[in-house]
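A.B. asks: need coordinates for the following:
(5 chains, ligands or ions: 30)
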Amino acid sequence: MIRAKLLSAQGEQRSGALELVEEWRASDGAFMWLDIEGEVTSDIRALLVSLGCSELAITDSVRLRHPPKIEAFSDNTFVLFRGIARIDDDLNLTPQQVGLWVGDNYLISVHRGLSVSINHFWQEPAENASLANPAELALRLLHFASGRYLDKILEFEDTLGELEDALLTGHSDSVMRELVGYRSRLRKLRRIFNYHHQMTTQLLHDGTPHLGCGDHDEANHHLRRDLYDRCERLFSLCNMYYEICGDLVEGYISLTSHQLNNTMKVLTIITAIFVPLGFLAGLYGMNFEHMPELHFRYGYFFILFLMISIAGGMLWLFRRIRWL
Amino acid sequence: MIRAKLLSAQGEQRSGALELVEEWRASDGAFMWLDIEGEVTSDIRALLVSLGCSELAITDSVRLRHPPKIEAFSDNTFVLFRGIARIDDDLNLTPQQVGLWVGDNYLISVHRGLSVSINHFWQEPAENASLANPAELALRLLHFASGRYLDKILEFEDTLGELEDALLTGHSDSVMRELVGYRSRLRKLRRIFNYHHQMTTQLLHDGTPHLGCGDHDEANHHLRRDLYDRCERLFSLCNMYYEICGDLVEGYISLTSHQLNNTMKVLTIITAIFVPLGFLAGLYGMNFEHMPELHFRYGYFFILFLMISIAGGMLWLFRRIRWL
Amino acid sequence: MIRAKLLSAQGEQRSGALELVEEWRASDGAFMWLDIEGEVTSDIRALLVSLGCSELAITDSVRLRHPPKIEAFSDNTFVLFRGIARIDDDLNLTPQQVGLWVGDNYLISVHRGLSVSINHFWQEPAENASLANPAELALRLLHFASGRYLDKILEFEDTLGELEDALLTGHSDSVMRELVGYRSRLRKLRRIFNYHHQMTTQLLHDGTPHLGCGDHDEANHHLRRDLYDRCERLFSLCNMYYEICGDLVEGYISLTSHQLNNTMKVLTIITAIFVPLGFLAGLYGMNFEHMPELHFRYGYFFILFLMISIAGGMLWLFRRIRWL
Amino acid sequence: MIRAKLLSAQGEQRSGALELVEEWRASDGAFMWLDIEGEVTSDIRALLVSLGCSELAITDSVRLRHPPKIEAFSDNTFVLFRGIARIDDDLNLTPQQVGLWVGDNYLISVHRGLSVSINHFWQEPAENASLANPAELALRLLHFASGRYLDKILEFEDTLGELEDALLTGHSDSVMRELVGYRSRLRKLRRIFNYHHQMTTQLLHDGTPHLGCGDHDEANHHLRRDLYDRCERLFSLCNMYYEICGDLVEGYISLTSHQLNNTMKVLTIITAIFVPLGFLAGLYGMNFEHMPELHFRYGYFFILFLMISIAGGMLWLFRRIRWL
Amino acid sequence: MIRAKLLSAQGEQRSGALELVEEWRASDGAFMWLDIEGEVTSDIRALLVSLGCSELAITDSVRLRHPPKIEAFSDNTFVLFRGIARIDDDLNLTPQQVGLWVGDNYLISVHRGLSVSINHFWQEPAENASLANPAELALRLLHFASGRYLDKILEFEDTLGELEDALLTGHSDSVMRELVGYRSRLRKLRRIFNYHHQMTTQLLHDGTPHLGCGDHDEANHHLRRDLYDRCERLFSLCNMYYEICGDLVEGYISLTSHQLNNTMKVLTIITAIFVPLGFLAGLYGMNFEHMPELHFRYGYFFILFLMISIAGGMLWLFRRIRWL
Ligand SMILES: [Mg+2]
Ligand SMILES: [Mg+2]
Ligand SMILES: [Mg+2]
Ligand SMILES: [Mg+2]
Ligand SMILES: [Mg+2]
Ligand SMILES: [Mg+2]
Ligand SMILES: [Mg+2]
Ligand SMILES: [Mg+2]
Ligand SMILES: [Mg+2]
Ligand SMILES: [Mg+2]
Ligand SMILES: [Mg+2]
Ligand SMILES: [Mg+2]
Ligand SMILES: [Mg+2]
Ligand SMILES: [Mg+2]
Ligand SMILES: [Mg+2]
Ligand SMILES: [Mg+2]
Ligand SMILES: [Mg+2]
Ligand SMILES: [Mg+2]
Ligand SMILES: [Mg+2]
Ligand SMILES: [Mg+2]
Ligand SMILES: [Mg+2]
Ligand SMILES: [Mg+2]
Ligand SMILES: [Mg+2]
Ligand SMILES: [Mg+2]
Ligand SMILES: [Mg+2]
Ligand SMILES: [Mg+2]
Ligand SMILES: [Mg+2]
Ligand SMILES: [Mg+2]
Ligand SMILES: [Mg+2]
Ligand SMILES: [Mg+2]
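C.D. replies: Ligands and ions are numbered 1, 2, ... in the order given. The predicted model follows:
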């Protein structure tokens, strides 16, 4: 699907399809947003090249999974961003890669499937839209798309709290498995956020000719800073949650193993006490003809007393040396 | 609650409410501190914008939790600091976010709840106050607010010492749980201190037009250095305590497991010695008709002697190969 | 084997052997690609020196294993790249080191064995080949060679998924060994990719006179960026897979040990319950003459009942204190 | 205690008390070293301010524990160094904080207690002393003070070697505790050395106006390099010893646990062999009326033979599958 | 031992002792290499100072163990390198510290004992030697000395492979100890290589006036790059082998402990099966007068059958729940 929006030099805004591109080429001082959803056919590729997009950048944008990046060309700046197609509460992400070309008087967006963030800005009423400033529009778009991650990540803080409580009570082994799963999904998210963090750090400090490279006197500077703040926060939070997941699992295993060892010790003490007693009983169960003790009047009671003493003595000793 | 302080060009200082803002706008060479506590209504937002605060910065300052930051604008510098609303001895922190706009002749502070640090400087007698120098006032405010963290962190050093001792004596498992809790709270504090550390590092090296960016000849430079020192120390100490907590837990678990293994060994040796003896006793407890040993004159005594020899021999052997 | 390609100043392209070198020397404005496969004899060494290759670079290129590098000389830029001679599905790599000298109007490639990447570009039809631009040719060559790694690494993602599933089901110990093997091979690959990553980072930011050092207005800049993207991605993916392998092994061992401990506990509980019962049975198996209980009418049944009570009581107790 | 040394413009050197300060103020071209030991009273504070010391720096210097730092002011450079008041062979450090102000023609030193390093230079004969060059004097002082740490750290190398040997022989658990103690003391030392390392790195690369900031043509440059080398070495050695301590403890616990597991296995094998044999013996100890085997002529001998076979067979099997 | 080589302005080369120093001082345009082996007496110290060596550098060069460094002075560049006096196949290193002063027309080398690298270049035939270019001579010397480490490190790769195989077969505990030893020796080597790596990185990027600081147009630049490559490779390889040693030990312990746990489980299952059977046997070994089962016709056979059923049932159950 190809759709376009045109803001004429007189400030009038219209939506349409490919015909607006020609109109934009003809007019002077007009702005255009061209949005391409779905497969990039060779026709579309030719169109993009004719609009000044680099072959290399087009190739990057149609790859299924290419690391996010920002690259400045002489006519425009190319931004490749990994947005969200779908993310569930377990942080399973289906990414939606969006390629943006930001020129002086146009914005081109390319994405394989439906993009929530693109649609959000496409439906903005004409008076709010920043079509006359493609850089601002692109930065606000990236800010909005990052915000969708942020909502999920902040929600996860509560999940993490619940998991932490669950670990200490009920069916902990399944909780542990869940944590291991979250951890591996956070690792993958972290890699994406790391790319976005690096992109926006570079964008804040150096900038590009089409997204702005000025200092604090430039309006776009503060939009870039706003985007940077969000991406930095995403990376930092994701990293912290990743580490917390690992620590929780490790801590749970340590603690469990510690308790289990104690349990084993007590069980082994039970065995260690009764085995010698059992031996003694076995001893007087032998059938030798000549075993004088068997004929003693109080032999049995003496042995019973001896056994109780041994058991008591061992218990006292184990307590003494702090094994119990 | 909105309150304001005005230092007129003649050096006279007055406190009041919104009316002072108008007076400050009218006069030339006057200084103002405007303090806003509580919700930021749309009226207040309009007021802030009219005073030169950026929309983006206002949005940041009203977020419940935004990473601390310093951002230079052409009219002022915006500082977002995460102070202490309440912190208990277990390092559970309720943060109090404070937003500051530092201009050439005004300081604006915005905070949702009561801020101890703001009040401390608000109540300063007129002769000590540095109202005529908003940058100095802001830096001293941040220095004071960091100092409240520092007191708690230095107190914690003693707590840590006590926990270390407690580990080696009494009810160690509960101590261990406490350490795990401290560790996770220190991790969260460390993230805050990391932001403050980065902010103040940037502030020291690059500065901003309104907080000063000069070298060692500038008075503010040394205030910025002082603030940096404190934030760096907080981060460094917090990091060290975090690592120590982890090491103590790890060390305790290692040591306990080591001792437990030894205990298990001794218990198992007891079993391993008596099981063969028990077998021997069982052997002569069998009821076969033809067991010549049973009729020997000294059979029983020989077997007793054999058993003692076996037990003694095993003990000697275990000692020899250093299992005991 | 020595072979050469010549693009004359008139745009005519020919393949041949050493004789083309002389022709190239004679003509003005001609381009040459000289490809040397196999041992570098002293004749070849002399030829290379006469073409402006540095002695030190030649020595590096003939070493069996030299860390990959890029080095600028006044006449050319020397690139040493570790390509793939053969790589199997288990990521066992036989490297194929390729040395490239990129000059203004020539490209020289040196490799000990057959190089798939070199052959791919050698067989390109004349109209596609970028012989007139040696820098572009070299960059495309390196990009292609890196792509061969990338294919393998992306395939490995599936392998990793299968291994992860296999861990949770069948013959897990062999899966574990396999993971350990992959991990050590990934470590070695990571070292190579680290070198390539560093090389291309330096190439992107600083460049060299013969591979281009311009900004985004220069055509080669975007080829260098493309190469950088690929090498960075290789390094980043390889690093992530390396860490995932380690985490899987660690996690499997932790989990197994955790389950095993539980198993041991149950087995030990069985023992701990029957050992005291066995002792009781042994007690009344003793042959003392005077054991009054033995003559009681319901002694046996009472003891049976006592044993069942003890067993039941212990089970109830172990459940109560959550050992079962 | 306040004491001063004056080097007059004529090159004559005298020691004394406060009166020399006035003399120094009066004369032109004279150099002074002012040393203040003990509490900084408000009188002394006023004196320091009058000599050009910054209020902020004085406050830092009187804090009980402030991170070491170097700060350049327009009149002087302030150095805060954490020296040794006392350090025992177990690396327990009682620090002695020393504050130095280095001006063009004066050096001021402030320390709470007796400082060995200060005294060492105070007692230097007049002909060796570098009073005419306060920067040189300060750098030599810091170099000497670091040397006192270095002696201790180098001594510790031997201690570490002894501990390593002791681990492999006698009473290892106490050695382990000792190592854990050393490790935690080394961590604290490392934090100090890290500060000194950072200070001297900054001093070497950027310098300060009063301690010199020239390149290799400046005499002080090499003194700064010398100081840097020592502090870097301290940090690097301390870090290495810290890691070695950790590795030794970890290694010892791993090894011990490994050996212990083997011991447990052998003990358990003993039990596992005798328990089935004991069962067999118990079987024929039963008192059933009708047990035909009991009446066989060679029943007992057959059972004995069976038992030996079982024991032998199990031993052979365990060996075969490499459990023994 | 002091020896010298002189290359006169006429290109004639001679060897000798101290007298050549005087000749070199007298002549114009002559080059000298002065080599000092053994103790640095005060005479030699005076000689070195008279040749322009800094007191601080001389002190560094005579220390038994000083961290390797490069320091530029106005007259010369001082290099302190930690070479090999002796290294065995187990990587036990006896270092040989070499101090070099590189001037415009002289090279001075100082070393306590015999230096293989120095001798190698001293014996070079006059036509190969680069005496006329002290910087080149020094760089080639350092390159050669690093090469001696590289040979050992590359040899170690084979050793490591053998150790890895040995771990999986025979007497593994001794192999493990060997690996721990190698690891600690590699850690010490790594610290040396880290210094050399840092030295040569600095030398490559910044250079020094006497070792060259030019770009790729300067001949020495490529010698410095060659030296850097070697030192970087040493550091990188050493680091990788260090980590591999650690991983092998860790992996072996994990695997062993995993197998041992399984062994223990089987042994414990044997015990857990026979203990209940033994109890049953003990039960009917009791001597109560009234035990009706004892008088049943097929009591014994029924109990035998029961025992077999219990054992079979337990085995089936353990299999079912995957404990076997
Ligand atoms: Mg990453
Ligand atoms: Mg990271
Ligand atoms: Mg960050
Ligand atoms: Mg962070
Ligand atoms: Mg980590
Ligand atoms: Mg780390
Ligand atoms: Mg952090
Ligand atoms: Mg950190
Ligand atoms: Mg720090
Ligand atoms: Mg730190
Ligand atoms: Mg680290
Ligand atoms: Mg690495
Ligand atoms: Mg790396
Ligand atoms: Mg990366
Ligand atoms: Mg990386
Ligand atoms: Mg990482
Ligand atoms: Mg790390
Ligand atoms: Mg540190
Ligand atoms: Mg550090
Ligand atoms: Mg270092
Ligand atoms: Mg270091
Ligand atoms: Mg560390
Ligand atoms: Mg680390
Ligand atoms: Mg190191
Ligand atoms: Mg290092
Ligand atoms: Mg490296
Ligand atoms: Mg590396
Ligand atoms: Mg390292
Ligand atoms: Mg490390
Ligand atoms: Mg690391």
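
A.B. asks: just give the nearest non-adjacent residue to residue A:187, would you?
C.D. replies: Using Cβ to Cβ, 6 or more residues apart in numbering or on different chains and skipping residues adjacent in sequence, the residue nearest residue A:187 is residue A:242, 6.2 Å away. Using the backbone N, CA and C atoms, a C-beta is placed for each residue, glycine as well.

A.B. asks: I'd guessed the one you found sits against residue A:185; true?
C.D. replies: No: applying Cβ atoms under 8 Å, one finds residue A:242 not in contact with residue A:185, separated by 9.4 Å.

A.B. asks: element containing the one residue in the stretch 201-324 of chain A that gets nearest to ligand 4, please.
C.D. replies: Nearest to ligand 4 in the stretch 201-324 of chain A, going by Cβ to the ion, is residue A:236, at a distance of 4.7 Å. According to DSSP states H and E, residue A:236 maps onto helix A:219-283.

A.B. asks: do residue A:125 as well
C.D. replies: Per DSSP H and E, residue A:125 falls between elements, in no helix or strand.

A.B. asks: got a list of what it touches?
C.D. replies: For residue A:125, the contact set (Cβ atoms under 8 Å, 6 or more residues apart in numbering or on different chains) is empty.

A.B. asks: which phi and psi does it have?
C.D. replies: Recorded main-chain torsions at residue A:125 are phi -60, psi 150, according to degrees, to the nearest 10.

A.B. asks: quick one: it and residue A:117, what's the gap?
C.D. replies: For residue A:125, the distance to residue A:117 equals 17 Å [Cβ to Cβ, to the nearest Å].

A.B. asks: what's the answer for residue A:58, then?
C.D. replies: Residue A:58 is 21 Å from residue A:117, by Cβ to Cβ.

A.B. asks: and if you look at residue A:224?
C.D. replies: Residue A:224 is 18 Å from residue A:117, by Cβ to Cβ.

A.B. asks: name the nearest residue to residue A:3, sequence neighbours excluded.
C.D. replies: residue A:35 (5.2 Å).

A.B. asks: residues in contact with the host helix or strand of the one you found?
C.D. replies: Following DSSP H and E, one finds residue A:35 within strand A:31-37. Contacts to strand A:31-37, defined as Cβ under 8 Å, 6+ apart, come from residues A:1-7, A:20-21, A:24, A:44, A:51, A:105-115, A:118, A:122, A:131-132, A:134, A:137.

A.B. asks: given it, what are its sheet partners and their directions?
C.D. replies: Strand partners for strand A:31-37, identified by DSSP bridges, are recorded as strand A:2-7 (antiparallel), strand A:106-111 (parallel).

A.B. asks: okay, the last one in CSV with CA atoms only?
C.D. replies: This file holds the C-alpha atoms of strand A:106-111, laid out as CSV (Å, rounded to 0.1, in the frame of the first residue of the first chain):
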residue,chain,number,x,y,z
TYR,A,106,9.9,15.2,2.5
LEU,A,107,9.7,12.1,4.8
ILE,A,108,9.5,8.6,3.4
SER,A,109,8.6,5.7,5.6
VAL,A,110,8.9,2.0,4.6
HIS,A,111,7.6,-0.9,6.7
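
A.B. asks: what does it contact?
C.D. replies: Against strand A:106-111 from outside (Cβ under 8 Å, 6+ apart): A:24, A:31-37, A:40, A:48, A:51, A:53, A:61-62, A:76, A:83, A:96-101, A:115, A:118, A:134, A:137-138, A:141.

A.B. asks: which of those residues fall in strands?
C.D. replies: A:31-37, A:83, A:96-101 (DSSP state E).

A.B. asks: out of those, who's the most crowded?
C.D. replies: Counting neighbours by other Cβ atoms under 10 Å in any protein chain shown, the top entry in the ones in strands among the contacts of strand A:106-111 is residue A:101, with 27 neighbours.

A.B. asks: how close does that one sit to residue E:251?
C.D. replies: 50 Å.

A.B. asks: give me the neighbour count for residue A:315.
C.D. replies: Residue A:315 has 13 neighbouring residues, counting by other Cβ under 10 Å.

A.B. asks: double-check that it belongs to a strand.
C.D. replies: No: applying DSSP: H, G, I helix; E, B strand; the rest coil, one finds residue A:315 to be helix, outside a strand.

A.B. asks: surely it touches residue A:309?
C.D. replies: No: counting by Cβ under 8 Å, residue A:315 does not reach residue A:309; the two are 10.8 Å apart.

A.B. asks: nearest to chain C: which residue in chain A?
C.D. replies: Across chain A, no residue is closer to chain C than residue A:281, which sits at 3.4 Å (Cβ to the nearest Cβ).

A.B. asks: excluding chain neighbours, what is closest to that residue?
C.D. replies: That would be residue C:282: by Cβ to Cβ, 6+ apart, it lies 3.4 Å from residue A:281.

A.B. asks: one more: residue A:251?
C.D. replies: residue B:180 (6.1 Å).

A.B. asks: enumerate every residue touching the one you found.
C.D. replies: A:251, B:245, B:249.

A.B. asks: may I have the secondary structure class of the residue of chain A found nearest chain E?
C.D. replies: Evaluated by Cβ to the nearest Cβ, chain A has residue A:285 as its residue closest to chain E, separated by 6.8 Å. Classification of residue A:285 by three-state DSSP places it in coil.

A.B. asks: please apply the same query to residue A:204.
C.D. replies: helix.

A.B. asks: so it sits right up against residue A:222, yeah?
C.D. replies: No: counting by Cβ under 8 Å, residue A:204 stays clear of residue A:222, with 10.3 Å between them.

A.B. asks: pLDDT weak spots in the stretch 51-200 of chain A?
C.D. replies: A:170-171 (pLDDT under 70).

A.B. asks: cool, thanks, signing off.
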